[in-house]
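J.: no sequence for this one, just the structure:
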């Protein structure tokens, strides 16, 4: 599933955008935001693959927001202003949709995003070296952590706690959850804004929780699809 974020300051336009996204089977709407500040907060907490964004918004325009991103996901602009098309494509957006957008035109843009998403992941799987560890900064030294010994990771504001099978004491690292999530292999899943788990360590699953031994970890509504995937 391609995780999406919808950004538009007009409530009706935002609702229509959310409705259109819900019609596309390979898209998952993570959140809808009415300004760039709320969107930025969501992107700090969760991995987003695709942004649908308007241009004219209060505070920070859509183009200014895109320019501010260090690591930009795929972007589809949805706007009523055709004069910004060149500026948009200069930022490598996938498509530039003019309001009102027909469902057919919307699907065409989404299929472009799907093709690019699959291409990027195919290249990553064929070219990336298979590394089973990473280094994290703990205290004043770099600590080597193998992925398989990680039980789960807990987010605490600007810090994370890495709970390891080989130690009763968690490794405390100053790092956003999003950054470490990008380094983990596919058998890790985010189940909550504050928890990433090693799915190989799961011993039981409930509707709103997973168990690793006797440790119960919550599954938030935003990540219910993870449970469905695990059960399949």
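T.: All right, it came through fine. All values reported here derive from a predicted model rather than from experimental measurement.
J.: give me phi/psi at the spatially most central residue of the chain?
T.: For the chain, the residue nearest the mean C-alpha position is residue 47 (1.7 Å; Cα atoms, centre = their mean). With angles defined as degrees, to the nearest 10, residue 47 sits at phi -80, psi 120.
J.: wait, a helix at residue 5?
T.: No - applying DSSP: H, G, I helix; E, B strand; the rest coil, one finds residue 5 to be strand, outside a helix.
J.: check contacts around it.
T.: Applying Cβ atoms under 8 Å, 6 or more residues apart in numbering to residue 5 gives the contacts 29-33, 39, 42-43, 48, 50-52, 73. Yep, even glycine has a C-beta here, placed from its N, CA and C like the rest.
J.: rerun at 6 Å
T.: Counting by Cβ atoms under 6 Å, 6 or more residues apart in numbering, residue 5 makes contact with 30-31, 39, 48, 51.
J.: ok, residue 190 next?
T.: So residue 190 contacts residue 196 (Cβ under 6 Å, 6+ apart).
J.: so how far is residue 141 from it?
T.: 27 Å (Cβ to Cβ, to the nearest Å).
J.: please, which helix or strand holds the nearest residue to residue 203 once chain neighbours are set aside?
T.: Distances taken as Cβ to Cβ, 6 or more residues apart in numbering put residue 211 closest to residue 203, at 5.2 Å, once the chain neighbours are dropped. Under the criterion of DSSP states H and E, residue 211 resides in strand 209-212.
J.: and the contacts of residue 5, which of them are buried?
T.: 30-31, 39, 48, 51 (16 or more other Cβ atoms under 10 Å).
J.: nearest to residue 136 among the residues you listed?
T.: Nearest to residue 136, judged by Cβ to Cβ, of those is residue 48 at 23.5 Å.
J.: was I right about the closest one contacting residue 74?
T.: No - the criterion here is Cβ atoms under 6 Å, and residue 48 misses it with residue 74 at 9.1 Å.
J.: mind listing what residue 201 touches?
T.: By Cβ under 6 Å, 6+ apart, the neighbours of residue 201 are 151, 212.
J.: model confidence score at it, please.
T.: Looking at residue 201, its pLDDT stands at 94.
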